[in-house]
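Colleague: structure for the following, please:
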Amino acid sequence: MSAWRRLLEEESEHQWLSFAVFTFFIITGAVLIDWSSELPGVHDGGKMTAEGAIHDSAGDAILYQAESGMTVSLHGNSEQAPFSTCLVQHGHYTFACPGEEGIIWFSEEDDSEELGWIPMSLGRDIIASQLSPNDQEQMLIIIQDGTTSSIAAMSLVPGETASPSANLEGSLHLRAVVPTEDGWLVGGSWQAPSNWLGSNPASPPMFELVLSVQWDGTNAPSTKIVHMGDLGRIHGIFATDNGYIATGTSDAISITDGIGTSLGMSSVAAIGDLNGDVWLFGGIGSTTVAIISDEGINIEKLPSPLEIIPTHISCDDNGLISIYGVDGKDQPAALSIDSNVRYSFTSLRGLIDLGFILVSMLILGMMGWNISDAIRKGEVF
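Modeller: The predicted model follows:
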């Protein structure tokens with residue numbers, strides 16, 4: 001220890017050497033920390049595999065685009081469903097939107113037997129494009145109505161039929177839906193009419209839209225606009241500890257008590273993790289990912305530019321986020337991120353940060369010891 005103290009003494013012949021060593025340590029530590037600022041826990045591949053680009057999943061059911069067309073896989077058995085659009089898990093049930101008029105599919109899994117798909121009548125000649133069951137045994141149905149969308153609901157009690165459709169103004173394209181305590185939040189876009197001022201009549205603009213939906217169990221669902229945004233569409237809505245986050249191609253919206261607040265973050269795809277954080281991903285070539293948490297918005301640097309056009313993102317029970325899509329050559333590709341690693345001291349960033357702090361404290365402590373010792377001895381420094 002005395003050798004270290006002599007090396008770090010302010011008025012020793014080694015003072016410039018000690019200053020240079022300390023400066024070198026600071027610079028080296030800063031460089032290492034910058035290198036470690038890349039998002040940890042990223043690796044190629046996903047947990048699910050399919051013979052094509054994955055577009056949705058629920059439990060062990062996978063919806064993917066194969067060479068022969070859209071295909072649904074359940075318990076390892078695949079069947080073509082060229083117009084399928086969604087998979088949803090609710091308890092022991094898995095629901096599917098096969099794109100067939102008047103029906104949806106469901107499958108029940110118990111401890112003794114794994115059943116295949118069973119048709120479930122909607123009681124109306126409608127085509128379901130998205131489904132959202134809730135804990136009150138009700139299900140909201142996003143209806144594909146030609147090139148636009150409408151909304152209905154139904155009870156999950158056997159023999160029930162879908163409600164009348166909600167009266168919605170304008171042309172809506174709805175995609176995202178999540179249950180709430182008193183109904184649902186639905187997101188997508190509102191398309192302006194063809195005579196919209198200053199727009200191209202052949203391709204009117206579409207604006208981000210979030211609706212609050214409630215259903216009395218009998219009549220058509222009632223709707224209320226929560227957010228009408230800029231050009232773009234809402235592609236995901238996720239529950240958080242403080243409310244909900246709606247993610248869109250133009251903006252991300254924080255929704256609390258039915259009031260939407262702009263967060264100023266655009267994305268191509270998003271997912272909520274087990275920590276209540278929402279991850280926002282850009283398109284192919286993007287170099288960062290934005291993470292919305294209770295503490296605010298963090299921008300994390302990816303180890304390399306994203307080489308995937310995302311078609312589906314999932315988060316499993318262990319916090320593993322998997323991004324599925326196609327690469328620049330239109331081939332299926334996947335990327336996985338362990339959402340828990342960035343909180344761990346065992347990550348590269350955590351180890352370097354901890355080591356830098358400890359060594360800095362040690363050096364500063366030795367210098368402080370020398371100063372206090374010089375003051376005690378009455379030395380001038």
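Colleague: outline the domain layout of the protein.
Modeller: Here the chain is described, according to automatic domain parsing, as comprising the domains 2-36+349-377, 54-193+204-285.
Colleague: pick out the residue nearest the middle of the chain.
Modeller: I271 (1.4 Å; CA atoms, centre = their mean).
Colleague: can I take it that it is in a strand?
Modeller: Yes - assessed with DSSP: H, G, I helix; E, B strand; the rest coil, I271 lies in a strand.
Colleague: bridging residues for it?
Modeller: W279 (DSSP bridges).
Colleague: per-residue pLDDT, it?
Modeller: I271 is assigned a predicted lDDT (pLDDT) of 97.
Colleague: with I142 instead?
Modeller: pLDDT recorded at I142 is 97.
Colleague: for the residue nearest to it when sequence neighbours are not counted, helix, strand, or coil?
Modeller: Nearest-residue entry for I142: Q130, 3.8 Å, with adjacent residues in sequence omitted and distances by CB to CB, 6 or more residues apart in numbering. For the C-beta atoms, the positions are set from N, CA and C on the backbone; glycine is no exception. Applying three-state DSSP to Q130 yields a three-state assignment of strand.
Colleague: wait, isn't Q130 in contact with V177?
Modeller: Yes - using CB atoms under 8 Å, Q130 and V177 qualify as a contacting pair, with a distance of 5.5 Å.
Colleague: between the domains of the chain, which one is closest to I297.
Modeller: Judged by CB to CB, the one of the domains of the chain that comes nearest to I297 is domain 54-193+204-285, at 6.4 Å.
Colleague: straight-line length of that closest one, end to end?
Modeller: Domain 54-193+204-285 has an end-to-end distance of 20 Å (CA to CA, to the nearest Å).
Colleague: then stretch 164-180?
Modeller: 21 Å.
Colleague: could you do stretch 162-181 as well?
Modeller: Stretch 162-181: ends 21 Å apart by CA to CA.
Colleague: which ones are touching the residue nearest to the centre of the chain?
Modeller: I271 makes contact with G236, F238, V278, W279, I313, S314, C315, I321, according to CB atoms under 8 Å, 6 or more residues apart in numbering.
Colleague: most neighbours out of those residues, which is it?
Modeller: Counting neighbours by other CB atoms under 10 Å, the top entry in the contacts of I271 is V278, with 28 neighbours.
Colleague: pretty sure that one sits against A269.
Modeller: No - in this structure V278 lies outside contact range of A269 using CB under 8 Å: 11.3 Å.
Colleague: okay, and for the chain, where does confidence drop off?
Modeller: Applying pLDDT under 70 to the chain picks out residues 1-38, 110-114, 195-202, 342-360, 362-371, 373-375, 377-381.
Colleague: all helices for it, in order.
Modeller: Applying DSSP state H to the chain gives helices spanning 2-8, 15-35, 348-377.
Colleague: buried set for stretch 251-263?
Modeller: Buried residues in stretch 251-263, counted by 16 or more other CB atoms under 10 Å: D251, A252, I253, S254, I255, G260, L263.
Colleague: may I ask which two of these are separated the most?
Modeller: D251 and I255, at 12.2 Å, using CB to CB across the buried residues of stretch 251-263.
Colleague: before we move on, back to that, now do the shared contacts for Q130 and V177.
Modeller: I142.
Colleague: and for the nearest residue in space to A239 that is not next to it in sequence, the neighbour number?
Modeller: Nearest non-adjacent residue to A239, counting by CB to CB, 6+ apart: V178, 6.3 Å away. Close neighbours of V178, defined as other CB under 10 Å, add up to 18.
Colleague: so V178 touches S132, yeah?
Modeller: Yes - V178 is within contact range of S132, at 6.6 Å (criterion: CB under 8 Å).
Colleague: overlap in contacts of those two?
Modeller: By CB under 8 Å, 6+ apart, V178 and S132 have these common neighbours: W184.
Colleague: if we can go back for a sec, could you report the neighbour count for the residue nearest to I142?
Modeller: Each residue near Q130 was counted by other CB under 10 Å, and the total is 22.
Colleague: ok, so what distance separates it from V178?
Modeller: Distance, Q130 to V178, using CB to CB, to the nearest Å: 11 Å.
Colleague: before we move on, what about S149?
Modeller: For S149, the distance to V178 - CB to CB - is 16 Å.
Colleague: re earlier: tabulate the domains of the chain in CSV, adding columns for distance to S336.
Modeller: Shown next, in CSV, are the domains of the chain (distance: least, CB to CB, whole Å):
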stretch, distance to S336
domain 2-36+349-377, 18
domain 54-193+204-285, 12
